[in-house]
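S.K.: A structural model of the following input is requested.
(one chain, ligands or ions: 1)
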Amino acid sequence: MSWILSEDFAADPYRHFTRLREQAPVHYEASIDSYFLSRYPDVKRVLTDHEAFSTETLQVRAEPVMRGPVLAQMTGAEHTAKRKIVVRGFTGQALQDQTRAIRANAAELIAPFLPRGRVDLVNDFGKPFAVRVTLDVLGLDRDDWQQVAAWYRGIAEFITSMTLTPERRRHCLECAEQLEAYLAPVIDRRRRRPGEDLISRLCAAEFDGTALSDRDVTALLVNVLVAAAEPADKTLALLFKHLIDHPGQLAQVRRDPALLPAAVAETLRYTPPVQLIPRRAERDAVFAGTTVPAGAAVFCMIGAANRDPGAFADPDTFDIHRPDLGTARSFTAAAQHLAFGTGLHQCVGAAFARAEIETVAALLLSLFDRVRYSPGFRYRESGLYTRGPASLSVDFTPEETVRR
Ligand code: 2IO
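M.R.: Just a heads-up that it's a prediction; the model follows:
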């Protein structure tokens, strides 16, 4: 029986999570020969037992479109060293410069919608915002964002599809090849004339006394591009949806912006934009009496784990004040929720993601008064692997009008 791939599941996975956790905590999906784990402790175990569960699955799931190995595939000293290079590109002074780029992109993109008092936070704003910010961070030309966005969508489709027709597969690989060709001369230029951007940092970096190859730099760039852009518009739109659905909490966040980190963290727990994390079982493993055989593909269900009543009290309630959220730790390795994964490969961009969403949300909230759904708006989500609103049309009263 197909469960995870059913239409009913796609329409609203959250309605299925309790039954999965209680009745099928190790659900085998025969059509894609994969195991789905939904309980918090099981997911945590898979993501932290790096010996028993490897990221080998990314070799077929990601490497063909990444054009080389991504961070999550690496192990040992190579992983430690290359992860450190990327971390440095997203902390300290770099993060401060990035925060300025985030604010500038947000202000520029929202400006035309302010007089209208209506914007689709996903399609009008979130998607261009996410891609343009990422291009700024990487040191690519943000005027190319539509072209890059088209390529990156193909790459993301390859990574996040459960099934792919040969035609779609070919299309995705073409996107990847074209993005690679677009990046090649840029990498070449940065090798000769480095700047402060992430591409230059990657070009200048050394591992074991040798510089990263063009292939390695390309793969890390595509890795960062997809990982930064794909979940960003979803998280932003989900945050606004939850706040609109909970006007009391929206009012509190408005009154006290210090509550914004908790609102973002609770959004990530309640509706993580990345719903699945793949691993490969390296040896037989027993979960709740069921054996996952060595070699099996395993999917950690982040949305289900984040709503496990054993981990979070009243898990199906959105509550920015929940005591078990641990906001201060929510974007670090000690996070309770699993939206950034956990263990060695936990999201390297978590601090950047936090800065990005908090900065843009604070700016939008300051510009929007009385934000609400547009008349006739019908909410719909899509995606099994990454999931978010298809659109989020909101009406608001521009703050300037209020003041006048
Ligand atoms: C890009 C799924 C958008 C990552 C992935 C092949 C590796 C890794 C993730 C996230 C988000 C993407 N996996 N980012 O789940 O880098």
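S.K.: ends of stretch 334-343, what's the gap?
M.R.: Between the opening and closing residues of stretch 334-343 lies a distance of 10 Å (Cα to Cα, to the nearest Å).
S.K.: quick one: the strands in the stretch 251-400 of the chain?
M.R.: According to DSSP state E, counting those that start in this stretch, the stretch 251-400 of the chain carries its strands in the segments 276-281, 285-287, 290-292, 297-301, 368-373, 381-382, 388-389, 393-398.
S.K.: Serialize the ones you listed to a markdown table and add fields for distance to the ligand, mean pLDDT and mean neighbour count.
M.R.: Glycine gets a C-beta too; all of them are placed from N, C-alpha and C. Output for the strands of the stretch 251-400 of the chain, formatted as a markdown table (distance: least, Cβ to the nearest ligand atom, whole Å; pLDDT from 0 to 100; neighbours: other Cβ atoms under 10 Å):
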| stretch | distance to the ligand | mean pLDDT | mean neighbour count |
| --- | --- | --- | --- |
| strand 276-281 | 6 | 98 | 22 |
| strand 285-287 | 21 | 98 | 16 |
| strand 290-292 | 20 | 97 | 16 |
| strand 297-301 | 10 | 98 | 24 |
| strand 368-373 | 27 | 96 | 16 |
| strand 381-382 | 15 | 98 | 14 |
| strand 388-389 | 11 | 98 | 24 |
| strand 393-398 | 25 | 95 | 18 |
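S.K.: pLDDT score for the closest residue to the ligand within the stretch 1-150 of the chain?
M.R.: Per Cβ to the nearest ligand atom, the residue of the stretch 1-150 of the chain with the smallest distance to the ligand is residue 62, at 3.6 Å. The predicted structure scores residue 62 at 96 on the pLDDT scale.
S.K.: hmm, residue 159 and it touching each other?
M.R.: Yes - using Cβ atoms under 8 Å, residue 62 makes contact with residue 159 at a distance of 5.4 Å.
S.K.: count of neighbours near residue 376?
M.R.: 6 (other Cβ atoms under 10 Å).
S.K.: returning to that earlier point: who's in contact with the residue of the stretch 1-150 of the chain closest to the ligand?
M.R.: Listed by Cβ atoms under 8 Å, 6 or more residues apart in numbering, the contact set of residue 62 reads 70, 72-73, 158-159.
S.K.: among the residues you listed, which ones are in strands?
M.R.: Assignment to strands by DSSP state E places none of those there.
S.K.: in a markdown table, list those along with pLDDT, neighbour count and distance to residue 126.
M.R.: Putting the contacts of residue 62 into a markdown table (pLDDT from 0 to 100; neighbours: other Cβ atoms under 10 Å; distance: Cβ to Cβ, whole Å) gives the following:
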| residue | pLDDT | neighbour count | distance to residue 126 |
| --- | --- | --- | --- |
| 70 | 95 | 25 | 24 |
| 72 | 97 | 22 | 25 |
| 73 | 96 | 22 | 29 |
| 158 | 98 | 22 | 22 |
| 159 | 97 | 20 | 20 |
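S.K.: now do the contacts for residue 159.
M.R.: With contact set as Cβ under 8 Å, 6+ apart, residue 159 has these partners: 61-62, 65, 226, 385.
S.K.: likewise residue 142?
M.R.: 105, 132, 135-136.
S.K.: return the member of the residues you listed nearest to residue 258.
M.R.: For residue 258, the nearest member of the contacts of residue 142 is residue 105. The distance, counting by Cβ to Cβ, is 24.1 Å.
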